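Q: build me a model:
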Amino acid sequence: MQQQQFAIKQRYLSGYEQPRQWIDFIVNDCQLDLSNIENQEWLCTNVLQYPSCKLYPLSHDYCQFVLKELIQYLEALQQKTEEMEIFDALYDSLVQYQTKTNTHEWFHRIFIQQENPNHEFILKVFPEFKQVGLAMWPSGFFITEYMLHNKTHFQNRRMLELGSGIGFTAMICHEFIFESNHSADKECIVVTDYLDSVLWNSFENMQLNHIPCLFEENQVSSLDSKEDASKKIQIAKLDWTTCTLEQIQTIQPNLLLAADVIYDTSVISHLVRVVDLCFTCDAEMECLFAITKRNENTFALFEAECAKRGIHSEVVPFSNPSPHFYVKFRDSTIITLRRFFKQKKDENLAFVA
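A: Now for the predicted structure:
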């Protein structure tokens, strides 16, 4: 029963669950009898009124929608079940949400399974804003799932992440992948984006989860100084349109990561140019992208830009047999990129901006 209660809490607090699917999961999969008022009380007190949600709330609309659906389900069940009661606090909570002012920021909670079940990540997001880096996307979870299934492969690596968004990949590296006996000059991840709002939000997420990091408000810099030896995460601005070979050489990555970055046709050529710069810095560099194909034409453009530079992609087999956290990946895929010939520098395919 404890495992089932954890799953119920995990799904709701992720902030991604569809209310009716969540109720069906509680009743059918977990076999929790919601006609029992004690079970309703447990659900209200331990899940819907989860303690840390007072300080770091879930989406106002999400919580209100879930409560409405749950109460409607209970009222329909009450008509079929004699002497059934509905826990009063459920109605009180709904009234509070109906009178409460909505906020533009809210927090998801991700609980890692198969590790420490009590480990909780709090992720601050702004999904209402147009900046996509302020929200969490399916492929962002998928690439961390892949990393958790292949931990040793990512240990003792200098990683550069493009379009890092809220910083979840770096959090997973810090908590579950990095080894304490490896120094930051050998094992680190440089978390990059180009919007100041995204970089600051990533930094705040590190602070929320008590994860040490360096925050470079301008551009990337070296992680090799002694004072930085214990901080294996650097947050820094990296603009694909102006990125230079010197910036990549400063980081000296041997592994390039990105998730859900192939969606805007206007920046694809710049994205591929940055990938090419990384291969110029290290021809043997490993490059892993987690993608969600929302538009076949957009991905075809990405492949065409890659082909111009001799870069080809291959799908990495990954069936995700035992997920570490509950999120729907929506047909995400891992691809690896390789450059098969050395591209000559010319006007169209310049290595530097």
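
Q: and the next helix or strand past the helix-or-strand element of the chain with minimal mean pLDDT?
A: Using mean pLDDT, DSSP states H and E, strand 214-219 stands out as the lowest-scoring helix or strand of the chain, at a mean of 76. For strand 214-219, the following helix or strand on the C-terminal side (DSSP states H and E) is strand 233-237.

Q: give me the helices and strands touching that next one, please.
A: strand 188-193, helix 196-208, strand 214-219 (3 or more Cβ pairs under 8 Å, 6 or more residues apart in numbering; DSSP states H and E). For every residue, glycine as well, the C-beta is placed using N, CA and C.

Q: 10 Å instead?
A: strand 158-162, helix 168-172, strand 188-193, helix 196-208, strand 214-219, helix 245-251 (3 or more Cβ pairs under 10 Å, 6 or more residues apart in numbering; DSSP states H and E).

Q: most tightly packed of the ones you listed?
A: Mean neighbour count (mean count of other Cβ atoms under 10 Å) peaks for strand 188-193 among those, with a mean of 28.

Q: contacts only, for residue 146.
A: 153, 154, 259, 288, 290, 316, 318, 320, 332, 334 (Cβ atoms under 10 Å, 6 or more residues apart in numbering).

Q: please pick the buried ones from these.
A: In the contacts of residue 146, burial by neighbour count holds for 154, 259, 288, 290, 318, 332, 334, counting by 16 or more other Cβ atoms under 10 Å.

Q: from those residues, which two are the most distant?
A: Pairwise distances across the buried ones among the contacts of residue 146 (Cβ to Cβ) peak at 17.9 Å, for the pair 154 and 332.

Q: rebuild the helices and strands packed on strand 233-237 as TSV, extending it with distance to residue 303.
A: Converted to TSV, the helices and strands packed on strand 233-237 look like this (distance: least, Cβ to Cβ, whole Å):
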stretch	distance to residue 303
strand 158-162	17
helix 168-172	24
strand 188-193	23
helix 196-208	26
strand 214-219	29
helix 245-251	22
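
Q: which one of those lies closest to residue 233?
A: Nearest to residue 233 among the helices and strands packed on strand 233-237 is helix 168-172; the distance by Cβ to Cβ comes to 4.7 Å.

Q: looking only at pLDDT, what's the mean for the closest one?
A: Averaged over helix 168-172, pLDDT sits at 95.

Q: next, count neighbours for residue 14.
A: Neighbour count for residue 14, taken as other Cβ atoms under 10 Å: 21.

Q: wait, I meant residue 96
A: 12.

Q: go on, residue 152?
A: Other residues close to residue 152 by other Cβ under 10 Å number 8.

Q: check which helix or strand covers it.
A: Short version, using DSSP H and E: residue 152 is in helix 151-154.

Q: mean confidence score for that helix?
A: 94.
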